[in-house]
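please work out how this folds:
(chains A, B, C and D)
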Protein chains: 2
Amino acid sequence: MIARRTTIKDVAEAAGVGVATVSRVLSGGSASAETRERVLDAATRLDYRPSALGRNLRQQRAGGIALLVPDITDTFYARLADGVLSCARSYREPVTIGVTGDDPEQEADLVGALLEQGIDRVIAVPSGDVETWSPALKAGLSVVFADRRIWDAGRLIDEIPAVIADDRAGVRTAVEYLLGLGHRRIAFLARHGQSQRVASFREAMGEHLDEELVAHARASRDSAYATAAGLLQRRTDLTAVLAGGNVLGEATVSAARELDLRIPRDLSLIMFDDVPWAELCSPPLTVIAQPAQDLGYRAAELTLRQGRRPRTIQLPTELIIRGSCGPRRPGSSGH
Amino acid sequence: MIARRTTIKDVAEAAGVGVATVSRVLSGGSASAETRERVLDAATRLDYRPSALGRNLRQQRAGGIALLVPDITDTFYARLADGVLSCARSYREPVTIGVTGDDPEQEADLVGALLEQGIDRVIAVPSGDVETWSPALKAGLSVVFADRRIWDAGRLIDEIPAVIADDRAGVRTAVEYLLGLGHRRIAFLARHGQSQRVASFREAMGEHLDEELVAHARASRDSAYATAAGLLQRRTDLTAVLAGGNVLGEATVSAARELDLRIPRDLSLIMFDDVPWAELCSPPLTVIAQPAQDLGYRAAELTLRQGRRPRTIQLPTELIIRGSCGPRRPGSSGH
DNA sequence: AAGTATGCTGGAATCGTTTCCATGATTGCT
DNA sequence: AGCAATCATGGAAACGATTCCAGCATACTT
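From the prediction side, this is the model:
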């Protein structure tokens, strides 16, 4: 025999008031001091916990927020998620996580599931474009983008608030550093969805840009490795690589070892995102650090702080120079 | 002017049937072929999606499952979460994630929040003990443990299904390997909650066990580093370390570098859990690999496959020998 | 052909909360 | 003192689904 859970009705009865009054007291409405005390007392005595189920139905929306990331095993997104979770925690809001695999179709699918669940606030690292997201907005979803934004035929969609790192500055600094070391054949390894970084790379490279040295990988480790290895084998003349994320950086190091290229002697490498192991790697990796956890925290703040219209936030990146870049060796035209 | 969402009532009207019939058709109940077609047709025409809110209230439970992990930025738990997410995905069940920080109090708090949300299925890497979890069970929660189990005054609680790795064999193999290399002063770096691994370590070490060489850290990277550095500084006679998780392994490598101890010359290291960077580390780390993703997947299966009573599952570990262990150097009594 | 079994169907109750609205009491002002 | 304004209060509706139950038609049995 399982005890029925205590409802607002039980509390009302125990306190000798109506349910409306109990609801008001508990959600901070107005009530006389005496009534308030009676209700609060009854509630604690009965160990009453309001059911989110009833509330959700009435309010036509489930509490909590959703977080959509391409891949939760990617340390960067894990840290971003941690930021979101930690902020949501302080608001006592549950967080539902979905993995998109950088696939617009899966993403749209997940958004549909959210709507069905009544969750109407979502933080997303978008994989799709306007076509994926405008239906979501029309359906009443309140969206905040993190890490990336979306484009519509080359035009930036800035109606949707976003929290992003300053890719442009990060890429520019990294490229300038490499150019300064004498490198000219510099490759950029991107994953799908990193159009902003690719654009920044093109811009920063200027006349030295070689379009064939911009490679794209999918969200998996396998794809990252295949892309990195393919690039290194195809273009033996390149002397430096800029990896758009830690998974790509890791893949580049692995591929370079496999091909017997020594870093930084034969190949210089800069990787996006500082991860704990970057320092433990041999050689320690030069990275463009991004405030991953903060990105998530801020995004959650924008989502949860209902108040003034949220605006887009850009956080700084930082080039941390370690040991994975060296001067282009004179006399050698690549490896 | 926002369009009201279409409800089951709209569908019933459009199909010229009662709401009860629509509900039955949509959830696979019996209905005549003609009615079924009319309802299905109306549903697609109106693009009807049942509201989880209404259903949840009626069924007195929210769909979906919850996952409680100590730390989502720990690659191991991220991979475990990935397994859970990927299984839940195929059942179209949303997953709510909570971070406990290995703190029983936070854990109890999160469980309370779940109950309030009406979520009644949870996969947890438990931090607390029976006192935390028996109230949860009494409240009707269906729990599956992952990675760890809980103990009550030394007695294993095996009523709760669990999916765990074979710690005992993993530790035993690792210790035997180290003993075989001549090491005697072997330390174990554990995090709170890893009582099973500690117990296995004690057992495997037998007469060589030095209780002072068993150190405990909290869930954070800082704590892991502090514990590792403290141990290495305090006991300069130790020659090998077994780290209970990848964060502890990483901390040990960092601390060893800081203290100018060379691996494996001055210190041998075996780390629990194979992570991508273990191979990139210098030297590549010898690890006890655990099927993290599979652990999560199986746990989700147990949770979601409502059917026969779920039983505890144990998955194998594997010692992967790389370059972080060497023979104890004769003549040297430690570093 | 009459009685019974079977199967489809729709009205209505239900889940627990919030919120609208009407009522009664109290206070303040002229 | 009388009237208006303010405030606390509780009954009842609403949210959208599922499911019980009774009603009715059809098919089957004897």
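
near residue A:45, how many other residues are there?
Applying other C-beta atoms under 10 Å in any protein chain shown, we find 12 other residues in the vicinity of residue A:45. (C-beta placed from N, C-alpha, C; glycine too.)

can you tell me the closest non-neighbouring residue to it?
In this structure, residue A:45 finds its nearest non-sequential neighbour in residue A:14, 6.9 Å apart by C-beta to C-beta, 6 or more residues apart in numbering or on different chains.

remind me which helix or strand residue A:41 belongs to.
Assigned by DSSP states H and E, residue A:41 falls within helix A:33-46.

is any residue of that helix near DNA strand C?
No. If you take C-beta under 7 Å from any atom of the strand as the test, helix A:33-46 misses DNA strand C, and the best it gets is 10.1 Å.

same question for that helix: list its buried residues.
In terms of neighbour count (16 or more other C-beta atoms under 10 Å in any protein chain shown), helix A:33-46 has its buried residues at A:35, A:36, A:38, A:39, A:40, A:42, A:43.

who touches it?
A:6, A:10-11, A:14-17, A:21-22, A:25-26, A:31, A:48 (C-beta atoms under 8 Å, 6 or more residues apart in numbering or on different chains).

starting at the chain centroid, how far to it?
Helix A:33-46 sits 43 Å away from the centroid of its parent chain (C-alpha atoms, centre = their mean, to the nearest Å).

also stretch A:47-64?
The chain centre lies 28 Å from the centre of stretch A:47-64; the measure is C-alpha atoms, centre = their mean.

over to stretch A:301-318?
In terms of C-alpha atoms, centre = their mean, the centre of stretch A:301-318 is found 13 Å from the chain centre.

in that stretch, what's buried?
Neighbour counts over stretch A:301-318 (16+ other C-beta under 10 Å) mark A:301, A:302, A:303, A:304, A:310, A:312, A:313, A:317 as buried.

same question, stretch A:113-121
Quick answer for stretch A:113-121 (16+ other C-beta under 10 Å): A:113, A:114, A:115, A:116, A:117, A:118, A:119, A:120, A:121.

let's have the contacts of helix A:33-46 in CSV, adding neighbour count.
Formatted as CSV, those follow (neighbours: other C-beta atoms under 10 Å in any protein chain shown):
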residue, neighbour count
A:6, 17
A:10, 17
A:11, 27
A:14, 18
A:15, 22
A:16, 11
A:17, 18
A:21, 21
A:22, 28
A:25, 23
A:26, 17
A:31, 18
A:48, 20
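
ok, and of those, which contact DNA strand C?
Residues of the contacts of helix A:33-46 in contact with DNA strand C (C-beta under 7 Å from any atom of the strand): A:22, A:26, A:48.

show me which pair in the buried residues of stretch A:301-318 is furthest apart.
A:304 and A:317 (25.3 Å; C-beta to C-beta).

quick one: contacts for the residue in the stretch 151-300 of chain A positioned nearest to DNA strand D?
The nearest approach of the stretch 151-300 of chain A to DNA strand D comes at residue A:160, 25.8 Å away (C-beta to the nearest atom of the strand). Shown in contact with residue A:160 (C-beta under 8 Å, 6+ apart): A:133, A:137, A:143, A:144, A:145, A:149, A:150.

and if you look at residue A:149?
Contacts of residue A:149 by C-beta under 8 Å, 6+ apart are A:126, A:156, A:157, A:158, A:160, A:162, A:164, A:196, A:312.

show me what residue of the stretch 1-150 of chain A gets nearest to DNA strand D.
Closest to DNA strand D within the stretch 1-150 of chain A is residue A:18: 2.3 Å, counting by C-beta to the nearest atom of the strand.

skip the chain neighbours and tell me the closest residue to that residue.
If the residues on either side of it in the chain are set aside, residue A:18 comes closest to residue A:12, at 5.8 Å by C-beta to C-beta, 6+ apart.

so what's that neighbour up against?
Counting by C-beta under 8 Å, 6+ apart, residue A:12 touches A:18, A:19, A:21, A:22.

residue A:239: which of those residues is nearest?
In terms of C-beta to C-beta, no member of the contacts of residue A:12 lies closer to residue A:239 than residue A:22, at 71.9 Å.

and the pLDDT for that closest one?
For residue A:22, the model assigns a pLDDT of 95.

please apply the same query to residue A:328.
pLDDT, residue A:328: 82.

now do the SS call for it.
Secondary structure assignment for residue A:328 (DSSP: H, G, I helix; E, B strand; the rest coil): coil.

show me what contacts it?
By C-beta under 8 Å, 6+ apart, the residues touching residue A:328 are A:181, A:182, A:183, A:184, A:239, A:240, A:268.

quick check on the residues you listed: which are buried?
A:183, A:184, A:239, A:240, A:268.

touching, the last one and residue A:178? I think so.
Yep, that's residue A:268 we're talking about. Yes. With contact defined as C-beta atoms under 8 Å, residue A:268 counts as touching residue A:178 (6.4 Å).

residue in the stretch 151-300 of chain A nearest to chain B?
Residue nearest to chain B within the stretch 151-300 of chain A (C-beta to the nearest C-beta): residue A:282, separated by 3.0 Å.

correct me, but that residue touches residue B:280?
Yes. In this structure residue A:282 lies within contact range of residue B:280 using C-beta under 8 Å: 7.4 Å.

out of these two, which sits in the more crowded spot?
Taking neighbours as other C-beta under 10 Å, residue A:282 and residue B:280 compare with residue B:280 leading, 20 against 15.

now for that one: which residues touch it?
Going by C-beta under 8 Å, 6+ apart, residue B:280 touches A:250, A:253, A:254, A:257, A:277, A:281, A:282.

so for those residues, which is the shakiest by pLDDT?
Lowest pLDDT among the contacts of residue B:280: residue A:282, with 85.

pull the contacting residues for that one.
By C-beta under 8 Å, 6+ apart, the residues touching residue A:282 are B:280, B:281, B:282.

how close does the first one sit to DNA strand C?
Residue B:280 sits 52 Å away from DNA strand C, going by C-beta to the nearest atom of the strand, to the nearest Å.
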